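[1] Sequence below, structure please.
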Amino acid sequence: MIDMLYVRYSLTESEFELTYSRLDAYLKKYIPLKPLHKDNKEKRGVYITYALSKYGLQEIRLRKSQYNSFFIEVRLRPQLLINCCGYYKSTTLDEFKYAELVFDYIILDILNLPVPSIRKWKVRRIEAVADIEVDNALIPYYIQLFKKGHILEYFLENKYSRKYWNSKTNVYLMANKVTVNWYDRYNTLKAKEKKSKDEFIDYSETKNILRFETQVRKVNKPLMEVLNVNFLKTKVLDHYKLIVGKGDYHTINNAIALVLSSTSRPVGLIVMLRLIEETGSIPAAKEKYTQQVQERGKKSNPDDFSKKRILHDFNKKLQQIRRLNINPVTIPEQWGIPTLKNLHSLISEAFYTE
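    I've put the predicted structure just below:
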């Protein structure tokens, strides 16, 4: 459910100075090789340490803003607080109750910082995840089909989305406040290890796992509002439903046969299925559909062919196909796979069974 949290607590100036003093003294005494130091990635007034990263507190920051506001911030991997070997596991809400106790013990009892329990902190960022077991041989096919889905322009135009678009192991879509990252856990780690100078801790447990992760930034909500199964589930499933929907994947011929057997008005839906197959994705089909309709509109009344009206018609047909439990994106015949199950129900169930 939760992979990472970035939490923050607001301090007074005197609390900030005391926090700095106590944290600095502890690190100099017990972990001198990883002291509190200025964060060179920040413009001003930020001190950082990675000294407690192996215990789940991956970063501790002390921040003084230009407006004379003071904060302590922690980038937290809650699973590592309760399981020193839990590098590749997410944390359920039940497990977080124990992680919370360990966090408070470190921050309040060991470091003796003048802050309250983590329950009183606010969340700046959270990574909500669902790990789904999928045959490793099928994961690359799912990745390719996801990339043909209904991805909106603000994702496609982002420079980081474009940077990682050609990855064979993940779908990475970034926007202002959110990042959608669906990826092959095992092969992503394998690729990272290959680029790294270090040997990774055994990650064989991640084989056959397709992770659906939504990174939400600028949350600014109290922790206890965020630790909610509906909040986490919504953050993951909303983007999945938009991009993929709930329909199973079929080859074009099978999809057309299903449309013919399911509706009395199949022609427009079949044309849409063939257009998506021909152009290679829903966004490309939308662009071509808009051009075709606007071209026809020049010969009649242009007011009847506004872009808004055209997109409404396109999306309407898209939803009609989806309501038949058919995915508008079809499986290439050369794959030799007649159908692939939609993972929506498995993602939804993951938030209650983990």
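[2] Now do the same contact list for residue 352.
    With contact taken as CB atoms under 8 Å, 6 or more residues apart in numbering, residue 352 is in contact with residue 229. Quick note: C-beta positions are derived from backbone N, CA and C, even for glycine.
[3] That one and residue 99: what is the separation?
    Distance of residue 352 to residue 99, computed by CB to CB, to the nearest Å: 19 Å.
[4] what does residue 209 give?
    For residue 209 relative to residue 99 (CB to CB), the value is 21 Å.
[5] now swap in residue 187 and tell me
    28 Å.
[6] Quick one: the helices in this protein, in order.
    In the chain, helices defined by DSSP state H lie at 13-30, 78-82, 93-104, 139-147, 153-156, 159-163, 185-195, 223-226, 229-243, 252-262, 267-279, 282-297, 307-323, 344-353, listed in chain order.
[7] Could I get the average pLDDT for the longest one?
    This points to helix 13-30. Averaging pLDDT along helix 13-30 gives 96.
[8] Mind listing what's buried along it?
    Buried residues in helix 13-30, defined by neighbour count with 16 or more other CB atoms under 10 Å: 15-16, 18-20, 23-24, 26-27.
[9] Give the other helices and strands that that helix contacts.
    strand 46-49, strand 57-64, strand 70-76 (3 or more CB pairs under 8 Å, 6 or more residues apart in numbering; DSSP states H and E).
[10] how far out from the middle of the chain is it?
    The chain centre lies 35 Å from the centre of helix 13-30; the measure is CA atoms, centre = their mean, to the nearest Å.
[11] Tabulate the CA atom coordinates of it in PDB.
    The C-alpha trace of helix 13-30 is given here as PDB (Å, rounded to 0.1, in the frame of the first residue of the first chain):
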ATOM      1  CA  GLU A  13      12.700  29.100  15.800                       C
ATOM      2  CA  SER A  14      13.700  27.900  19.300                       C
ATOM      3  CA  GLU A  15      12.500  24.400  18.600                       C
ATOM      4  CA  PHE A  16      14.400  24.500  15.300                       C
ATOM      5  CA  GLU A  17      17.700  25.400  17.100                       C
ATOM      6  CA  LEU A  18      17.200  22.800  19.700                       C
ATOM      7  CA  THR A  19      16.400  20.100  17.100                       C
ATOM      8  CA  TYR A  20      19.500  21.100  15.200                       C
ATOM      9  CA  SER A  21      21.700  21.000  18.300                       C
ATOM     10  CA  ARG A  22      20.400  17.600  19.500                       C
ATOM     11  CA  LEU A  23      20.500  15.900  16.100                       C
ATOM     12  CA  ASP A  24      23.900  17.300  15.400                       C
ATOM     13  CA  ALA A  25      25.300  16.200  18.800                       C
ATOM     14  CA  TYR A  26      23.900  12.600  18.400                       C
ATOM     15  CA  LEU A  27      25.300  12.200  14.900                       C
ATOM     16  CA  LYS A  28      28.800  13.500  15.900                       C
ATOM     17  CA  LYS A  29      28.900  11.100  18.800                       C
ATOM     18  CA  TYR A  30      27.400   7.900  17.300                       C
END
